[in-house]
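Q: Model the structure of this input:
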Amino acid sequence: MKRFLLIVALCGALSCALPVIQETEQISKEDMMLAKVTKYMESYYPESDSTPVVRSKIIPEHRILQMQQFFGLKVTGKLDKNTLDAMKKPRCGVPDIGEYNTFPSSPKWKKNDLKYRVLNYTPDMDKADVDNAIARAWKVWSDVTPLTFTRVYGESADIDISFAAGSHGDYIPFDGQGGQLAHAYSPAFGGDAHFDEDEIWTRDLKGTNLFLVAAHEFGHSLGLGHSRVWGALMFPTYQPWDPQNLRLHPDDIEGIQHLYGSPEDSEGSSGNNVPPPVVPTEAPSTDMCDPHLTFDAVTTLRKETVFFKDSFFWRKNPLRRDIEKTPISAFWPVLSSGIDAAYENEVDDTVFLFKGHKYWATKGSIIQPGFPKNIHHLGFPRTVQKIDAAAYDKSSKKTYFFSGNTQLTSQGSCCEDKSWSYVNCYGVPHKRKSKIEIQCQHQHDNDITSQI
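A: Below is the predicted model:
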């Protein structure tokens with residue numbers, strides 16, 4: 001009888017334990033996500049030294065706000081999907097806020113002639129390719145400053161460069177493939193640059209491009225912090241620019257020249273032998289001045305105007321004179337070329353992109369869940385195979401779509417209303433064979449104009 005009671009007792013204990021195990025697993029998943037977010041915030045948005053470290057299940061709202069503002073996300077103070085997606089992107093290991101910034105408190109080297117040393121190599125690349133990538137990365141900065149960089153071997157150097165995985169002796173361990181790619185110290189702490197050996201380093205874009213990451217890290221080695229400007233080399237997340245066609249963003253140049261001056265500032269320099277800068281967005285070619293140039297689509301994007309053409313887009317910021325050219329796939333990796341139409345709904349902070357019979361909803365560089373979708377989900381008739389142009393009029397809350405010689409108008413935002421009215425394009429002759437190519441939306445007066 002005692003044996004029977006013992007078996008019954010054990011069975012009861014086991015049956016009671018099963019729900020507890022499931023609950024523990026569920027809590028573990030939540031705690032794991034919280035731990036990752038907490039580590040991200042502690043790594044890249046640390047509190048000041050005077051603030052005590054308190055472990056809790058609540059991430060301070062002001063730190064989330066900092067991160068959202070830095071990345072140009074919709075500022076909610078909440079750990080929404082866009083914020084969590086941004087945290088998952090491969091990036092530099094240097095904090096976005098910290099002891100040194102682009103201006104004016106950044107420490108700098110007290111001399112212009114710096115020596116660097118490569119301590120070891122990644123097995124992912126030939127040694128010659130590693131040496132070339134590192135030399136080119138230094139040249140990005142020497143081209144726009146009086147600085148020179150000389151490689152040394154046996155003797156001591158100002159800056160040491162190494163590859164390592166996991167914990168590697170500096171109390172800032174790497175986290176495996178993805179996530180943190182590399183980190184570098186400011187001149188005040190020696191300027192050394194460390195690259196995560198768990199990454200797949202390459203000379204092209206099939207893995208993680210060593211040249212692009214090194215050029216970014218060497219900016220830190222020289223005293224630059226992270227830039228808030230998307231398109232700048234010093235933006236914190238990895239951007240797969242064309243490594244053979246790199247140009248420094250004006251923000252990068254302004255920052256480094258604030259510290260060290262321009263090449264012409266060096267003693268005895270005539271300025272005649274200064275090579276052109278190497279940078280992350282290609283400057284518009286002379287073809288951009290072609291009066292017959294047309295674009296595939298035009299839209300606004302968070303106060304900027306974006307022009308699409310083939311596999312690139314140009315961004316015009318109203319506060320700057322320059323125009324940035326960027327591969328579409330660098331901003332939206334799932335899209336490569338051939339955007340037919342685009343428009344922004346500023347109320348929802350959403351840009352809609354149309355290509356063939358599909359469309360995408362994006363917030364910044366983040367494609368929203370559930371996309372792409374078929375354009376016929378919006379209520380278009382089957383005769384409409386693609387959208388040629390689109391615009392959202394904030395004052396009337398109407399979305400205008402153009403397909404061939406037909407204008408389709410929807411009351412409400414793109415994805416909310418499926419009732420359409422059809423009108424002939426104003427000013428377009430019935431027999432005209434051409435179609436509306438671009439729909440422009442003016443940011444201030446909400447006028448809608450067309451280029452035919």
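Q: From Pro107, how far off is the nearest residue to Cys92 once chain neighbours are set aside?
A: Among residues not flanking Cys92 along the chain, Pro236 sits closest, at 5.3 Å (C-beta to C-beta, 6 or more residues apart in numbering). Heads up, the C-betas are built off the backbone N, CA and C, glycines and all. Per C-beta to C-beta, to the nearest Å, Pro236 is found 19 Å from Pro107.
Q: Counting neighbours, what do you get for Tyr45?
A: A count of nearby residues for Tyr45, using other C-beta atoms under 10 Å, gives 20.
Q: Would you mind measuring from it to His376?
A: Tyr45 is 43 Å from His376, by C-beta to C-beta.
Q: for the stretch 201-350 of the chain, what spans make up the strands?
A: Counting by DSSP state E, counting those that start in this stretch, one finds strands in the stretch 201-350 of the chain at the ranges 201-202, 208-209, 297-301, 304-309, 312-316, 323-327, 341-345, 350-355.
Q: How about residues contacting the first one?
A: Going back to what we said before, that points to strand 201-202. By C-beta atoms under 8 Å, 6 or more residues apart in numbering, the residues outside strand 201-202 that reach it are Thr122, Asp124, Met125, Val130, Phe163, Phe195, Gly207, Thr208, Asn209, Leu210.
Q: of the residues you listed, buried ones?
A: When the contacts of strand 201-202 are checked for burial by 16 or more other C-beta atoms under 10 Å, the buried set is Thr122, Asp124, Met125, Val130, Phe163, Phe195, Thr208, Asn209, Leu210.
Q: so what's Gly356 closest to, chain neighbours aside?
A: Leaving aside its sequence neighbours, Gly356 sits nearest to Lys386 (C-beta to C-beta, 6+ apart; 5.5 Å).
Q: Please list all residues in contact with the one you found.
A: By C-beta under 8 Å, 6+ apart, the residues touching Lys386 are Asp340, Phe354, Gly356, His357, Ile375, Ser403.
Q: swap in Gly191?
A: Residues in contact with Gly191 (C-beta under 8 Å, 6+ apart) are Trp109, Asp158, Ile159, Ala184, Tyr185, His220, Ser221, Leu222.
Q: Around Pro236, count how many other residues there are.
A: Count around Pro236 with other C-beta under 10 Å applied: 22.
Q: Check what pLDDT it gets.
A: Listed pLDDT for Pro236 reads 88.
Q: right, and it touches Tyr44 too?
A: Yes - in this structure, Pro236 is within contact of Tyr44 by C-beta atoms under 8 Å, at 7.3 Å.
Q: ok, back up a step: next one: the residue nearest to Gly356 relative to Gln66, how far apart?
A: 42 Å.
Q: re earlier: mind checking which of the strands of the stretch 201-350 of the chain is nearest Ala215?
A: With C-beta to C-beta as the criterion, Ala215 lies closest to strand 208-209 of the strands of the stretch 201-350 of the chain, at 9.6 Å.
Q: Name the spans of the stretch 301-450 of the chain whose pLDDT lies under the cut-off.
A: Flagging of the stretch 301-450 of the chain using pLDDT under 70 yields the residue ranges 336, 405-450.
Q: How is Met33 assigned, secondary-structure-wise?
A: Following DSSP: H, G, I helix; E, B strand; the rest coil, we place Met33 in the helix state.
Q: Share the number of residues neighbouring it, please.
A: Residues lying near Met33 (other C-beta under 10 Å) number 12.
Q: Read off the pLDDT value for it.
A: Looking at Met33, its pLDDT reads 72.
Q: Same check on Leu248?
A: So, for Leu248, pLDDT stands at 90.
Q: again with the one 10 residues further on
A: Predicted confidence (pLDDT) for His258: 89.
Q: Give me the distance between it and Tyr359.
A: Using C-beta to C-beta, His258 is found at 43 Å from Tyr359.
Q: just Phe235 next, same as before
A: Going from Phe235 to Tyr359 by C-beta to C-beta gives 27 Å.
Q: After the one helix or strand Glu42 maps to, which helix or strand is next?
A: For Glu42, the element it lies in under DSSP states H and E is helix 2-44. On the C-terminal side of helix 2-44, the nearest following helix or strand under DSSP H and E is helix 61-71.
Q: same for the helix or strand that that following helix is followed by, what does it pack against?
A: Following helix 61-71 in sequence order, the next helix or strand is helix 81-87 (DSSP H and E). On a contact count with 3 or more C-beta pairs under 8 Å, 6 or more residues apart in numbering; DSSP states H and E, helix 81-87 meets helix 2-44, helix 61-71, strand 366-367.
Q: Mind telling me which of these the model trusts least?
A: Lowest mean pLDDT within those: helix 2-44, a mean of 53.
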